[in-house]
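Novice: Next one to model:
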Amino acid sequence: MKLKTDVCLPLLFAIFSVVLVGCGGGDSGGVSGEDGIGDSGVIDDIGVVSAAHSIVLTAPNNNAILDESQGRYSKRVSAMVNDVHGHPVPDGTVVNLNVIDSILAAGIIDTAGGADSLTGSTLTDWAPTTADGTTATQFDSAFVWRNASKRFIQSSDHVLLINADEEDKVRVVGGAALSNNTITTSSNFASAYPNAIYPASTTEYVVGASLLGTGVYGVDSDNNPITGKSTTVDGLAHFRISYPANENTIHIGCNPASDYRYLPYGSANIYLVASVSNSVTTVNNEFCLSHIVGGTLSVSPSAVSGNGAINIELYVEDGGDGVPLALMPIRGTVVTDGAVSVSLSAGSYLHYGVSTALSAGNYLANRYGYANSTLTISGGVSGDTATVTYSSGSGMVGTVAITIP
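Specialist: Residues are numbered from 1 along each chain as shown. Here you go, the predicted structure:
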């Protein structure tokens with residue numbers, strides 16, 4: 001499972017970059033010879049810009065998130081689009097960007113248990129699963145819980161392929177009825193899978209939709225905001241991913257395996273789909289609905305005296321609208337002065353719904369931003385002291401002062 005950070009979770013990556021080279025995309029751009037190599041053996045007309053050939057998605061690490069002051073945040077994302085020579089494409093090149101935040105089914109095209117295939121407009125999988133990759137489901141009954149309702153696979157939901165030719169990476173569900181093991185897409189796949197390049201157990205897929213309030217907007221050539229697309233300037237197209245700023249949405253995509261807020265487990269996840277054409281397309285699932293840094297970590301009580309077991313309540317909120325930080329890692333450390341001994345309890349977290357213990361002094365905030373830590377204080381003589389420091393994210397710190405009377 002992917003992990004991401006800085007403005008998100010401390011062990012997660014905030015900057016990501018995925019380059020997918022177009023398969024047959026782009027013309028020769030005026031260079032001589034099919035490969036652009038002239039008779040002299042050097043590249044001719046290297047300054048001529050040709051069609052889009054590759055896309056790089058990138059998100060900044062600092063100053064990436066805007067508080068839109070209406071209960072929503074937006075996070076910057078850019079698409080860098082180059083031709084086959086590494087030159088920025090012409091200004092005004094349109095880049096489309098879609099966001100998927102809910103995974104209804106997933107699988108891999110293999111031969112275990114049946115002859116899985118992607119042929120024409122039909123995806124056949126004899127063992128589809130939910131987003132966790134292990135829980136069995138069927139296409140005609142796969143669902144996610146959203147808005148206190150079961151949402152099943154519908155026409156126009158996205159079928160995304162991982163490890164496939166670029167022209168096959170994105171399709172939408174067609175209008176034909178679903179069966180237990182087949183989905184029909186609205187257009188054919190260019191290649192059949194498995195194949196010699198992508199043998200069995202290579203190509204993965206997810207079926208998803210945008211159901212959690214996420215949205216995309218960019219700018220046109222006149223710098224006016226437009227939905228779902230943007231135009232390049234010097235090869236760069238700017239977007240913002242907009243999302244609700246609340247405890248139910250912050251950190252979606254940061255650690256899907258531990259996100260128990262939406263069922264089935266792991267179904268709340270972020271996929272970005274960027275394209276200039278069918279043959280220049282990238283699918284990226286390294287994006288995270290991050291919080292705004294500069295938040296606070298509160299501890300209560302902040303001072304204790306004497307020996308015994310003391311429960312400490314921890315609470316983390318972000319530096320924007322004060323959103324409770326669900327699933328935020330918190331770490332506690334102890335420094336003693338004297339003979340007093342202080343130990344910290346161990347927290348736990350859910351991994352696809354299964355409770356898993358953390359090591360001592362490590363905790364994961366619940367969906368409302370709270371966690372509990374138990375201090376066990378023993379020994380020492382009058383005047384001994386200790387300090388327990390809890391830290392989380394970028395600069396959020398809270399302390400508990402311990403004294404032996």
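Novice: Can you show me the strands along the stretch 301-405 of the chain?
Specialist: Counting by DSSP state E, counting those that start in this stretch, the stretch 301-405 of the chain has strands at residues 303-305, 308-317, 329-337, 341-344, 346-351, 354-360, 362-364, 370-378, 385-392, 396-403.
Novice: angle of the last one against strand 385-392?
Specialist: Counting by axes from the mean of the first three to the mean of the last three C-alpha atoms, to 10 degrees, strand 396-403 lies at 160 degrees to strand 385-392.
Novice: what angle do strand 396-403 and strand 329-337 make?
Specialist: Using the same axes, to 10 degrees: strand 396-403 against strand 329-337 is 30 degrees.
Novice: Strand 396-403 pairs with which strands, and in what direction?
Specialist: Within its sheet, strand 396-403 is paired with strand 303-305 (parallel), strand 385-392 (antiparallel), according to DSSP bridges.
Novice: any chance of these in a markdown table, plus mean neighbour count, distance to Gly86 and mean pLDDT?
Specialist: C-beta coordinates here come from the backbone N, C-alpha and C atoms, glycine included. Compiled in a markdown table, the strands paired with strand 396-403 are given as follows (neighbours: other C-beta atoms under 10 Å; distance: least, C-beta to C-beta, whole Å; pLDDT from 0 to 100):
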| stretch | mean neighbour count | distance to Gly86 | mean pLDDT |
| --- | --- | --- | --- |
| strand 303-305 | 14 | 60 | 97 |
| strand 385-392 | 19 | 41 | 98 |
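Novice: among those strands, which is nearest Asn63?
Specialist: Between Asn63 and the strands paired with strand 396-403, the tightest spacing by C-beta to C-beta is seen for strand 385-392, at 20.5 Å.
Novice: got the CA coordinates for that closest one in PDB?
Specialist: Written as PDB, here are the backbone C-alpha positions of strand 385-392 (Å, rounded to 0.1, in the frame of the first residue of the first chain):
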ATOM      1  CA  THR A 385      11.200  14.700  37.500                       C
ATOM      2  CA  ALA A 386      10.400  13.400  34.000                       C
ATOM      3  CA  THR A 387       9.000  14.900  30.800                       C
ATOM      4  CA  VAL A 388       7.000  13.000  28.200                       C
ATOM      5  CA  THR A 389       7.000  14.700  24.800                       C
ATOM      6  CA  TYR A 390       4.400  13.800  22.200                       C
ATOM      7  CA  SER A 391       5.000  14.900  18.700                       C
ATOM      8  CA  SER A 392       3.100  14.600  15.400                       C
END
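Novice: hang on, the earlier thing: out of the strands of the stretch 301-405 of the chain, indicate the one that is most buried.
Specialist: strand 362-364 (a mean of 21; mean count of other C-beta atoms under 10 Å).
Novice: which sections of the stretch 301-405 of the chain are below the confidence cut-off?
Specialist: Low-confidence segments of the stretch 301-405 of the chain (pLDDT under 70): none present.
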